[in-house]
Each structure stands twice: as C-alpha cells, then as structure tokens.
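Novice: My questions concern the predicted model and sequence given below.
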Amino acid sequence: MASTSTLPTPARPVTNPPTGSLPPIPTPKPRRSLPAAPDTRSASPYRPSGLRTPSSPKPSLRSPLSSSNSTSNLSTVRSASNGRTPSSPDKSLRRTISIASFPQPPKAAGSSNRPSTASSVTGVPASGSTGSGTGTGSGSKPKRGSRLSTGTTSSYRSSKTPSLLNGSADGKSILADARDPEASPGHSRSSSAQGSCSTSATTFDDVDDASTAKGGEGGSKKEMKGNVIVSVRVRPDAPNGETARTHGEWSVEGRQSLVSYRGKEGGDYYYDNVFTSHENNAKVYDSAAKRLVRRVMEGYHGTVFAYGMTGTGKTFSMQGTATSPGVIPLAITDIFSFIRETPHREFLLRVSYLEIYNEKIHDLLSAPAAGSGPAAQQEEIKLREDSKRGVYATPLKEEIVQSPTQLLRVIARGDHSRRTSSTQFNSRSSRSHAVVQIVVESRERVPSNNAQDKRAGIAPGGVRVSTLSLIDLAGSERAADDKERRTEGAHINKSLLTLGNIISGLSDSKEKQASSGDGRHLPYRDSKLTRLLQPALSGNSLVSILCTVQLVSGVNANTGETLNTLKFAARAKNNIVSHAKKAEEAYGAGGGDSGSRVLLERYRMEISALRGQLDTQAKAQAEKELKWDEQQFEKEAHARHEEQVLEMQLARTALKERIEHLNRLILSSKSTGVNNHGSMSALGRLSRMSSIDNGTRSLRSSASQSTLGAGYSHSMRPISFMSVTSNDPMPGFPGGSFGHEEEDDMGEFGDGKASLQRQVTALQADLGDKNRYISTLERRLLQARRSSHSRMSVGVKSTTSTIAEHPDSSALLREKDMEINELRIQLDDKDRMLAALRSAARHRDLAAITGDAQSPDLALAAKGEIPTAPNSPPTTSHGSGPTPMDKGASPMAPPPLPAHLRNGDGEGERDRKRNMDEVSKMLDEMIQGRVEGGHLERDSLGAVKNTVDFSRRVSTSAEVRGLKPSPPTPVPTAPLPASPPK
Ligand SMILES: Nc1ncnc2c1ncn2[C@@H]1O[C@H](COP(=O)(O)OP(=O)(O)OP(=O)(O)O)[C@@H](O)[C@H]1O
C-alpha cells in the first residue's frame, strides 16, 4: 500500500537542524510559564513548539496540542533533543518538525495496524539502537512506526490525518492514494474527471462541524491538520530525469514518503508525499493538489504553493511543459471537469494573476505598453483587508473565463509578463513570486421543473464564492554577484524568511492560544507575500505545499539549503492548522462575499433585468408593428376605397354617356316618326317635306352650337329652336314651354299625332346630330385636303404622281364630297320642310283668326270628308290677302274646302284654294326635285321613297381610317305620301 495509507509514526526530534541560506528563525522568546497550565517546556532552552513529539501512546481524541504538550511527550522530546544536541542548547531553531506527530484519527483508533505512538518512539536519545543512518542504510527500508532517529539523525513522519484532502475525514475510507491507478498520466490527461482520481470526498460535510460533533478540540484539530498537505519533490540531476536513488548521503523513498540524510545533522524526513525524480507532473498533481482543487470547487478556499531553492523545479512543477503540464494547467482541466460533472450548479470563474517583485505587486494581466516593463504605467497595487474577502490586492484585473483554453491563455499571458533572469542555478529563474487566483462562484441551479422561476432568474440557493490560489514562489538563493540579482535575492530571501518565521510562529501562536486564549502576533505584514498568504496560513484555507529539492552531493551540494527546505516543509505541515470551511452562500448582490463581488448574482440579476427589458421592448415592438400593420391596412383600405370610388365614378360616367347616347338614339329614332307598327308618323312625313321658305336661315350652324355645346336636355330648349321661335312664339304652346307635355305626349308622338312643336323639337335634335356629323366630316375633309396639299407640294411631279399613285385617296375625297353634298341636300330638305310647316302653321292660325265662319268646314273636316290635323285649331274665314304665312301650308292644316261647300264666300274660298295650291305646288316641286336628283323615286302608286344607300355610305365612311362618326340618323325610308294631284 502506498505510504499515504500508513498511519502516523512518531517523529524523531532533530538534534542538529541543518543550517543553510534560509535566515535563521528568530530567536524564540523565553517561554513564559502559564499559571493555568504550567508548561514544563519552559525548562527547556528550546522551543518545544517547534518540535513535534510523538503522539500519545494511546489513541485518543485529544488535540494535537494536548498531545504534543503532554508531559511525557515533552519530556521525551526534551530528553531526545537534549541528548542529541548538547552542543546547541540555546539554538533558536526549532529542533523537531515532525508531521508524524499528528494525532491519529479517531476512527482508526482501534486499528490494529496502526502502531502505537509510544512504541514508535523508540528512538530516543543518542542511545537509539539504530544510531546514525539506522534504518535508512543502504538497502534497508525503514518501517513505519519503527523508524529510529538517533544521534544526529532525525525522523520526520507525515501523518495521514483524516481530512478534506485525503478523503478519509468521514471514515468512509475514500482514501486518495497518490498512487491511485485511476490517476491519469500527465501526458495523456483528459479533461474529464473520469480520467482523474475519484473525488468522492465531495460527500463530506463540513469537517469542522463533523469533528466538533465528534466531541472535542482534539478531533477538530486532527482534521484541521489533515487539511494541510506537504509534499517534497526531488528534481532529477540529469536532464533526462534519471537520478540515482541514492545521492551520496541522501536517500529517497517515494513509497514511504521519506527523504533521509545521513550526513552530519542528518535524519529521516517523512511527508505526505515524496516524489522521486522519476515521477512526473501528473503524479504530483494527483497526489498534492487534485483533491484540494475539487474542494475549492465545492466551496472551500485552497492554496497551493511551491517552495524551494532556485532551480529545483518549482516553476516546472507548477506550470509544467507542453508535454508534461503542471499543477496549474491540470487544475484548470479539473475545474472544468468538475463543472461538467455538476449540472445542478452553475459556475462563474474569474482569474487574476499578479507577481510580487522587489516587494511590489504587479498585475500580470494588465497589458503594459509595448517596450515598457510590466511595471510601467501601472497603478500601484495595494493589499487591503476585508472581513469577507480577507486580504486582497487592488486594483487588480480579473478576467472572466468560460473554457480551459481561455483560462490557460490568460495565465500564459501573465507568464509572459513575469520577470525571469538567468542566475547561477537557473538560466530562467523566476525573480518574483507569482500568484494565480481563480475565483469560483457557484450556486444551485433552478430546478428545471420550475420554468417560471427559471425565467425570472430566481435561484433556490445563494452564491458560494471560493478561491484557488496557485503560487510559484521565487527561489531562495545565495548572494549573487550581480547587483540586480542581489537586490532581487534580498527581497526574495526576506519574504521567504518572513514566511518561514510565520510558519514557525504558528506553533507558538497555537500553543499560546490554547493556553491563554490569546494568539501571538505574527509578522504577516513584514512582506507582501506573507500578507497575501495570511488567510491561507491562518487557517481559512486548505493548503498544499510542494517543496522542491535537488539532492546533490559533493562540492556543489547545497545541503544546507536542501535541509532548510525540508525543515520548512516539516514545520509547515506541523504548524499550519486549517479550519477551512465552506464559504457561506451569499444571497443577493449585497451579501456574502463583499456583495458586489459576487458576479454570479450580479449577472443573474442583470440578466433578469435585461430579460425584462427585452420582454418590454419586444412587447412594445410587437404593439408598434401591430399599429403599423393596422395603419398600413387602413391606408391600403383607403387606397382601395378611393380606387373603387374612382372606378364607380368612371363607370357612372360611362353609364351616363351610354344612357345619353341611348336617349339620343331613342329620340332620334322617334324623331323619324316610325312607330311600332311601322306606320309613318306625321313627323316622318314632315321630315320629308321641303320648305319653300327661301328666307329661312340655315339651322345647321345654330344647331351645331346648341347640340354640341349644350348637349341634349329636356329642360333646355335648343338654341336653334329659340332662334326660330324667338320672334314667333309657337301658337298652342303658351310661354313657349312644353317640357312636361312633351313627356306626356310621347305616345301621341309615335302615333303621328304629335304636336307641331314637338315635331320641330325632334327635328331640331335630329338636325343637331346631323350637324355634328357634318362638322366632323368637314373637319376631316379639311385635314385630308391639307395633308393632300402638303403632299402634293413636295415636288414638281408630286401633283400628278400623288393623284396617280394614290387613286384611293382621290376616290375617297370624291366620295366624301358626295356624302357631304347628300347631307346638305337632306339638310336643305329639312329646312324646307320646316319652312313649309311653319308656313302651314301660320296659315292655319290666320285662318283660325279670320275665318270663324268656316265652322261648317271644320265640321266636315271632323266628319273625315276633309283631311285635317287632329289638333289643328279652327281656321278662320278671313279672306284677306295672302299673309306671310300663306306661303306655307301645314300638312295638318285643313285642306281647302270645295267651293260648293263654302258659304258663298267666293273670295275667301279662292284665297284658300290658291294657298293650298301653292303649298301643293311647292311640295310637288320639292319632291320632283328630289326625284330628279335621284334621291327619291316614285313607286307604282306614286309614293316616293329615298334611294340613298346609307349603309353603303356608312361603310364607306367607316373605311376611312380614324373616322368613325356615329352614323347619321338614317333618313326614313318609309314611302312618303304622294303629293295630292293638282
Ligand atoms: N522534475 C523535473 N524533471 C525534469 N526537469 C526539471 C524538473 N524540475 C526542474 N527541471 C528543470 O530544471 C530547470 C529549473 O527548473 P525551474 O525553473 O522550474 O526551477 P525553479 O525552482 O522554478 O527556479 P527559480 O526559483 O529560479 O525560478 C528547468 O530547466 C526545468 O525544466
């Protein structure tokens, strides 16, 4: 079994402590006798506190102090010491530094394989049976519990006190053997915890609590001691790592954690771990630091530091190399492994890196200006003390790290800034103490089933903050030749001396505390290093000390230095008492580890605050988007509405136009006088009557103005009509208004019984249409002529050639001319008809006024013997000469009566007859003219009909490009009644 499993063995006091370059421990003050518990050691000129006497022979729960202070032990020690160092009774250096004097664990009290301390203290005074070198002689392996140290030989034994660091504090025997086969080799370490030693020590509860429960200071003290691990590492001589097992007077037994020196002032030195020169960094880490690192992750403070002479391998052990990573990189790997293995907690890591150079603190992570030293432009870093944080440097940069790589990079950056120089013993000697501090914040995660709490960032537990300090001390050295080295060396040595003094003083302090309750003042403030290490040294932290030595024989041997290192290690193990507790959990940003330092809490709160802000912003954004969407929708709806309104307006306009057009067509159709039965209306008849009124003005222009400009409205009288009737209001239509009656009389209109006025109106409308059409044609014609002219004027040949080359154009022109002529003729016909109608109307009116005696005529007319207009007023019998109205005769006017039917009024009768004849003649002439012109032809019955082929004309006109006028109101083709025979 490994040496770690062995039980404590009694220590052998060193009679002649080695001397070296380490400054001597201050001269002890004469120990005062305490009245309450008189100390028998006061009789001794040596400080008994420095000597670790064997434990009490009986396993007990007594405290180490009580054990060590027992009279029997003391007497043994004293006698041993006195016996061994008679020549130096007044030497101030502590004589015995025995780790093996730690009390036995309570649970192992009954263990049979644990040797009695009484029996182990066999080697007393110089009479020891083994004598110098006994037990460590060549080839003889000393056995635990039986090792003797006699004469000038001392034996220092490391106990395996149950502790947080050896995994046996609760007696569950989870003993972490440094030689645990599960430990990974340094070269192939994985970041997984599986590759590392079991850390079932995490099952431990707080040691102090447990030990207190076990009843007593004794148990507590024992376990506290177990919280400090001291290891010694032997550096190989040769670069290849090969070193003889024996180095002259030195011998190393790794399995027994033993270093023996058989020279003058020699002795056996047992520690928790002794690493031979064959053992690599992984082994060192697994045995010396791994558990401590895991404990730090659980909430304890932990400190690992390397101590030793320059060039003995401190930096090699702490940092390692690429192929053999040291304590720092392996610890980093384990930290993240632990985090991965602990899903129920969340962690936050921050790291700082400082160095103490010439008693000044420098931040190795604050990037100095290029070309300047690390100290350049750096604010002076001071050490402060806080009840929660203890001693800390400020201002110091702390970097939050999230991965092993990141953490290693940060540390590598710091290493780069660290001061190194070449010394006699080390080409790259560290000239400063370097302190890496990794602060671990952790707390329970919110249970996954409570999503609401998780969202709100509410954690069930507080934040626990612990610190892992990894310290590579500068090496103690002899005075150098170089002045700068000398200065550095002086500072280094001074700080190391102070450290040694404090560790030595810890024993006194404990003893004093135990006896009087008053602790002795320790000079922590004498150096920056000890000030910074104060929390760890005073018991608030788990401690692991790695002392490096190089065992060289011969002239260059630094035996004194080596022995000093070994003694320092022994003293540290013996004196440092750790009562490390798990850090308290801090709740909220204001509690625990200086409140605001608890970044995990601060970040958590910040996260929840930011999350709240994010939610609010997201909500506001969503509302904004919703509003914007609504606005967009409204805008689109509005635009759509406007489009629809526009479309409707257009549709309405189109419909109105259509209606207008249709109305016009209807009226035009009606104006033709063709009723549903195909009979010719009076209007139809009238439309074909020519007027002989030579003085009648052409209605074309006025009609054009009225119909083209004012449109066609029932409520608006055409200008043409007005112009015609302005001076001659139509009889029978008082006031000249016939709007309503016009509507009412539509039926009559179709039956040929329409009033004359309406016929005139219809004709006006028809005329308007035609005028429009004509003017359109005229315009087109004009344009055609102009373009034709312009074409013809292009060249000399153009005139003939154009006509010759464009026979179609000339033909078209001719056709258009013909069409216009025809239309003019029609217009003239209508003018004449109008004139005739007016004339007839006047005649009728005159007749009505002047010939009241014509009633018999009217009566006859009523009987149908005489044709008459249905609504014709009674004609007058005035036989006066011809009036202007006599020139025309209305077809509705009663025809002239036969002479035999008249009342002897031959004159009037003649006049009438003449008038009628005139009218008949006029009409006949008109018809005849048309017939001769080829526009009308007579049928067999003597009726006339129109011969103009409108369909042909329309199609012809339509053939003209861009000219599609509305077809003119076709001239009724109904046969006109034959003019009465003369
Ligand atoms: N165990 C070891 N195995 C192999 N080489 C080692 C070992 N220990 C130290 N060395 C080598 O010895 C030399 C000095 O080691 P290192 O710098 O670590 O010493 P040191 O104690 O830190 O010195 P200083 O106090 O001057 O800084 C280095 O080259 C290092 O590689």
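Specialist: Looks like it arrived, so ask away.

Novice: Quick check: residue 433 touching residue 494?
Specialist: No - checked against C-beta atoms under 8 Å, the pair residue 433 and residue 494 is beyond contact range at 11.6 Å. Every C-beta, even on glycine, is put in place using the N, C-alpha and C of the backbone.

Novice: Between these two, which has more neighbouring residues?
Specialist: A direct count of neighbours by other C-beta atoms under 10 Å for residue 433 and residue 494 places residue 433 higher, at 26 against 15.

Novice: and the nearest residue to that one once chain neighbours are set aside, what does it touch?
Specialist: Setting aside the residues directly before and after it, residue 433 is nearest to residue 356 in space (C-beta to C-beta, 6 or more residues apart in numbering), at 4.4 Å. For residue 356, the contact set (C-beta atoms under 8 Å, 6 or more residues apart in numbering) comprises 362, 432, 433, 435, 495, 528, 529, 532.

Novice: okay, the residues you listed in CSV with secondary structure next?
Specialist: Compiled in CSV, these are given as follows (DSSP: H, G, I helix; E, B strand; the rest coil):
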residue, secondary structure
362, strand
432, coil
433, strand
435, strand
495, helix
528, helix
529, helix
532, helix
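
Novice: For residue 543, give its distance to residue 316.
Specialist: 21 Å (C-beta to C-beta, to the nearest Å).

Novice: So which of these two has more stuff around it?
Specialist: A side-by-side neighbour count of residue 543 and residue 316, using other C-beta under 10 Å, places residue 543 first with 27 against 19.

Novice: Provide the partner residues of the more buried one in its beta bridges.
Specialist: According to DSSP bridges, the residues that bridge with residue 543 are residue 228, residue 303.

Novice: Pretty sure it sits against residue 576.
Specialist: Yes - with the criterion set as C-beta under 8 Å, residue 543 and residue 576 qualify as a contacting pair; they are 5.7 Å apart.

Novice: Which residues are in contact with each of the two?
Specialist: With C-beta under 8 Å, 6+ apart applied, the overlap between the contact sets of residue 543 and residue 576 consists of 228, 537.

Novice: Most widely separated two among the contacts of residue 356?
Specialist: Pairwise distances across these (C-beta to C-beta) peak at 14.6 Å, for the pair 362 and 495.

Novice: ok, back up a step: the residue nearest to residue 433 - that's part of a strand, no?
Specialist: Yes - membership of residue 356 in a strand is supported by three-state DSSP.

Novice: what are the bridge partners for it, then?
Specialist: Each beta-bridge partner of residue 356 is listed here, defined by DSSP bridges: residue 361, residue 433.

Novice: From residue 318, how far off is it?
Specialist: When C-beta to C-beta is the yardstick, residue 356 and residue 318 sit 15 Å from each other.

Novice: repeat for residue 562
Specialist: Distance check for residue 562 against residue 318: by C-beta to C-beta, it reads 19 Å.

Novice: Include pLDDT when you put the contacts of residue 356 into CSV, please.
Specialist: Converted to CSV, the contacts of residue 356 look like this (pLDDT from 0 to 100):
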residue, pLDDT
362, 89
432, 86
433, 90
435, 93
495, 88
528, 90
529, 91
532, 88
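
Novice: so what does the secondary structure element (helix or strand) that residue 629 belongs to touch, helix or strand wise?
Specialist: Residue 629 is part of helix 599-671 when elements are defined by DSSP states H and E. Under the contact criterion of 3 or more C-beta pairs under 8 Å, 6 or more residues apart in numbering; DSSP states H and E, helix 599-671 touches strand 345-357, strand 433-444, helix 682-687, helix 746-750, helix 756-792.

Novice: mind checking which of these is nearest residue 294?
Specialist: strand 433-444 (11.1 Å).

Novice: Please identify the buried residues of that closest one?
Specialist: Neighbour counts over strand 433-444 (16 or more other C-beta atoms under 10 Å) mark 433, 434, 435, 436, 437, 438, 439, 440, 441, 442, 443 as buried.

Novice: would you turn those residues into JSON lines with distance to the ligand?
Specialist: As requested, the buried residues of strand 433-444 are exported to JSON lines (distance: C-beta to the nearest ligand atom, whole Å):
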{"residue": "433", "distance to the ligand": "10"}
{"residue": "434", "distance to the ligand": "9"}
{"residue": "435", "distance to the ligand": "14"}
{"residue": "436", "distance to the ligand": "15"}
{"residue": "437", "distance to the ligand": "19"}
{"residue": "438", "distance to the ligand": "21"}
{"residue": "439", "distance to the ligand": "25"}
{"residue": "440", "distance to the ligand": "26"}
{"residue": "441", "distance to the ligand": "31"}
{"residue": "442", "distance to the ligand": "32"}
{"residue": "443", "distance to the ligand": "37"}
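
Novice: Surely residue 830 is in contact with residue 765?
Specialist: No - the pair residue 830 and residue 765 does not pass the contact test of C-beta under 8 Å, sitting 11.7 Å apart.

Novice: the bottom helix or strand of this protein by mean pLDDT?
Specialist: When each helix and strand of the chain is scored by mean pLDDT, DSSP states H and E, helix 117-120 comes last, with a mean of 30.

Novice: Model confidence at residue 845, what's the number?
Specialist: Per-residue confidence at residue 845 stands at 77 (pLDDT).

Novice: Check the one 3 residues further on too.
Specialist: At residue 848, the model reports a pLDDT of 73.

Novice: what's the answer for the one 5 residues further on, then?
Specialist: At residue 853, the pLDDT value in this model is 45.

Novice: What of residue 950?
Specialist: For residue 950, the model assigns a pLDDT of 43.

Novice: just residue 322 next, same as before
Specialist: As summarised for this prediction, residue 322 has a pLDDT of 89.

Novice: Check the secondary structure at it for me.
Specialist: Secondary structure of residue 322, reduced to three states by three-state DSSP: coil.

Novice: Distance check, it against residue 406.
Specialist: According to C-beta to C-beta, residue 322 stands 18 Å off from residue 406.

Novice: quick one, which of these two is more surrounded?
Specialist: For residue 322 and residue 406, the more surrounded residue by other C-beta under 10 Å is residue 406, and the numbers stand at 15 against 7.

Novice: Where does the prediction get shaky in the stretch 401-550 of the chain?
Specialist: Counting by pLDDT under 70, the stretch 401-550 of the chain contains low-confidence residues at 421-428, 447-460, 477-482, 508-520.

Novice: What about the residue of the stretch 301-450 of the chain found nearest the ligand? Give its phi and psi, please.
Specialist: Nearest residue of the stretch 301-450 of the chain to the ligand: residue 313, at 2.6 Å (C-beta to the nearest ligand atom). With angles defined as degrees, to the nearest 10, residue 313 sits at phi 110, psi 20.

Novice: Tell me, how many residues neighbour it?
Specialist: When neighbours are counted by other C-beta under 10 Å, residue 313 registers 25.

Novice: follow-up on the earlier one: relative to strand 433-444, how tilted is the helix holding residue 629?
Specialist: Going by axes from the mean of the first three to the mean of the last three C-alpha atoms, to 10 degrees, helix 599-671 is angled at 60 degrees with respect to strand 433-444.

Novice: Just the mean pLDDT for helix 599-671, thanks.
Specialist: This predicted structure assigns helix 599-671 an average pLDDT of 82.
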